[in-house]
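Enquirer: next comes the sequence, and after it the predicted model I'd like to discuss.
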Amino acid sequence: KQEVTQIPAALSVPEGENLVLNCSFTDSAIYNLQWFRQDPGKGLTSLLLIQSSQREQTSGRLNASLDKSSGRSTLYIAASQPGDSATYLCAVRRPTSGTYKYIFGTGTRLKVLA
Amino acid sequence: DGGITQSPKYLFRKEGQNVTLSCEQNLNHDAMYWYRQDPGQGLRLIYYSQIVNDFQKGDIAEGYSVSREKKESFPLTVTSAQKNPTAFYLCASSPQGSTDTQYFGPGTRLTVL
């Protein structure tokens, strides 16, 4: 059974720091992995999607890497800003054809201090 | 303005009552999903639908029911059989041909009094 873990559960950093969020999954047979951002009391916004054949994806100050063999993904945020404060969730998609189900991690709650 | 809407934003229910949460999308997406989010936990899939008039149980379907009579709408009913319904409920959709990215609504917070 696929399980997705995110450590740490919460993180507080001063503005301007580069930081890394971690995501681990127990079954390396995944279709893709996605990172989401969730603001308090709101829905999720997709940040980056990495297909199983890819090693990383970049968007602006965000870079996500994927190492399927070790069951790990990292989300790197460069030069963090107070506006980056949110909960970040990773999710892996099961490889079963015809289904579109994601398994979500518990999230890392990030606070960037001004 | 394309997107997913959920209503109401906050919902209060007495024990023993059924309530229905609304989810509407104008993105012309074929697939729609309902998730439940509890504090300190990840999202868990309740039901999903890949096409009109068809839907499948997710990981925690007990105590919930859905319908998909129209492409745009995927309402979720929380029945009295759901033992612990207080949670944040999220609806999402994705295009059939490109199901990688799911687009989420703003959520409904349900509280049982």
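Expert: Ah, there it is.

Enquirer: interface residues of chain A facing chain B?
Expert: A:4, A:9, A:32, A:34, A:36, A:41-46, A:49, A:51, A:89, A:91, A:93, A:99-107 (Cβ under 8 Å from any Cβ of the partner chain). The way it works is simple: take the backbone N, C-alpha and C, and place the C-beta from them, glycine included.

Enquirer: for residue B:32, which non-adjacent residue is spatially closest?
Expert: residue B:74 (4.0 Å; Cβ to Cβ, 6 or more residues apart in numbering or on different chains).

Enquirer: show me what from chain B comes close to chain A.
Expert: Within chain B, the positions near chain A by Cβ under 8 Å from any Cβ are B:4, B:6, B:31, B:33, B:35, B:40-45, B:48, B:50, B:56, B:58, B:88, B:90, B:92, B:94, B:99-107, B:109.

Enquirer: run through chain B and note the low-pLDDT ranges.
Expert: Scanning chain B for pLDDT under 70 picks out B:1-2, B:96-99.

Enquirer: returning to what we had before: of the residues of chain B next to chain A, which belong to strands?
Expert: B:4, B:6, B:31, B:33, B:35, B:43-45, B:48, B:50, B:56, B:88, B:90, B:92, B:94, B:103-104, B:109 (DSSP state E).

Enquirer: the residue lying closest to residue A:78 once chain neighbours are set aside: how many residues sit nearby?
Expert: Nearest non-adjacent residue to residue A:78, counting by Cβ to Cβ, 6+ apart: residue A:61, 4.4 Å away. Neighbour count for residue A:61, taken as other Cβ atoms under 10 Å in any protein chain shown: 13.
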